[in-house]
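Novice: need a structure here:
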Amino acid sequence: MAKGTPVSDNGLAVRNATISYGGAPVVKELTLDIPHNEFTMIIGPNGCGKSTLVKSLGRVLRPADGTITLHGRDLWSYRGKEAAREVALLPQNPIAPVGITVAGLVRRGRYPHHTLLRQWSPDDERAIAFALERTGLSDLAGAQAGELSGGQRQRAWVAMVLAQQTGILLLDEPTTFLDISHQFELLELCRELHEEGRTVVAVLHDLNQAARFATHLVVMNGGRVVAQGPPSEVVTSDMVREVFDLGCEVVPDPQTSTPMVVPHARTASRSL
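Specialist: Numbers count the residues shown, from 1 in each chain. Here you go, the predicted structure:
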């Protein structure tokens, strides 16, 4: 089932990486290149290592073995701020400090650009204004982040990572807890950011949304990559049955012609 591995452009690359939690390997001897200027979605069943991989790409978890490189250089050889000027990570369920405004949250994205000799500047103001405008939050800049709706709050976090002005964005399950309208709104924004020239990587659970929005899919199972490539090649009934244990038909989405998974009706209920 495995597809061809894309050629690295010396962006983010993983080589034989084993990543563990408390000594138990979750990602096992994984090799993967993150394609440059693509919208990559990482999909797979619960516990397969998707979020673990993204945390390592964002320097939250260091591999127990193997390497992760950025522009051909070991990711952990970068200083923290230096890496944060290249790669921005939006983790699952981030929590805003009590009392912080939307603008205050977005300002935090400029921290990697500050040094002892370079503090606040007009460049920071322009980056924040752009991030707020790009996420449709300019009118809410003074609002308390904790009082926003779920969709607005998630856009505020996206604005914060946009303000970092990195070429690579990592989003770990960005649509969790959002209703379907806000899910599509956020994914449309991610697609637009990719089309503007960024490399975007997101973990997602919904196969049909992943197939609709991604330009490149990575399928994980059991801590390993088992397939990757364009959605039209990767999303097949055989893959869904093998990876997700789900019988289905894969048909063209009537709106986009991208692959759409239609599960088979179950003849008997089963325990979840």
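
Novice: if you average pLDDT over the longest helix seen in the chain, what comes out?
Specialist: Longest helix in the chain by number of residues, with DSSP state H as the criterion: helix 180-195. Helix 180-195 comes out with an average pLDDT of 94.

Novice: so the next helix or strand after it versus helix 180-195, what angle?
Specialist: Using DSSP states H and E, the helix or strand that follows helix 180-195 in sequence is strand 199-203. Using axes from the mean of the first three to the mean of the last three CA atoms, to 10 degrees, the inter-axis angle of strand 199-203 relative to helix 180-195 is 150 degrees.

Novice: which neighbouring elements make contact with strand 199-203?
Specialist: strand 39-43, helix 50-57, strand 168-172, helix 180-195 (3 or more CB pairs under 8 Å, 6 or more residues apart in numbering; DSSP states H and E). Yep, even glycine has a C-beta here, placed from its N, CA and C like the rest.

Novice: who's in contact with the very next helix or strand once past it?
Specialist: Using DSSP H and E, the helix or strand that directly follows strand 199-203 along the chain is helix 207-213. Around helix 207-213, the neighbours that count as contacts under CB atoms under 8 Å, 6 or more residues apart in numbering are 39, 41, 43, 175, 183-184, 187-188, 190-191, 204, 217, 231, 235, 240, 244, 253, 256, 258-261.

Novice: from these, keep the buried residues only.
Specialist: With burial judged by 16 or more other CB atoms under 10 Å, the buried subset of the contacts of helix 207-213 is 39, 41, 43, 175, 183, 187, 190-191, 204, 217, 231, 235, 240, 244, 258-261.

Novice: list the contacts for Pro63?
Specialist: Ala17, Thr18, Ile19, Val27, Ser56.

Novice: rewinding a little: quick one, which of the helices and strands packed on strand 199-203 is packed in tightest?
Specialist: Of all the helices and strands packed on strand 199-203, strand 39-43 has the most neighbours on average by mean count of other CB atoms under 10 Å, namely a mean of 27.

Novice: follow-up on the earlier one: just how off-centre is the longest helix of the chain within its chain?
Specialist: Distance of helix 180-195 from the chain centroid (CA atoms, centre = their mean, to the nearest Å) equals 12 Å.

Novice: how far off strand 39-43 does that helix point, in degrees?
Specialist: Going by the same axes, to 10 degrees, helix 180-195 makes 130 degrees with strand 39-43.

Novice: need the contact partners of helix 180-195.
Specialist: Residues contacting helix 180-195 (CB under 8 Å, 6+ apart): 37-39, 134-135, 149-151, 154-155, 158, 162, 169, 171, 174-175, 178, 200, 202, 206, 209, 212-213, 215.
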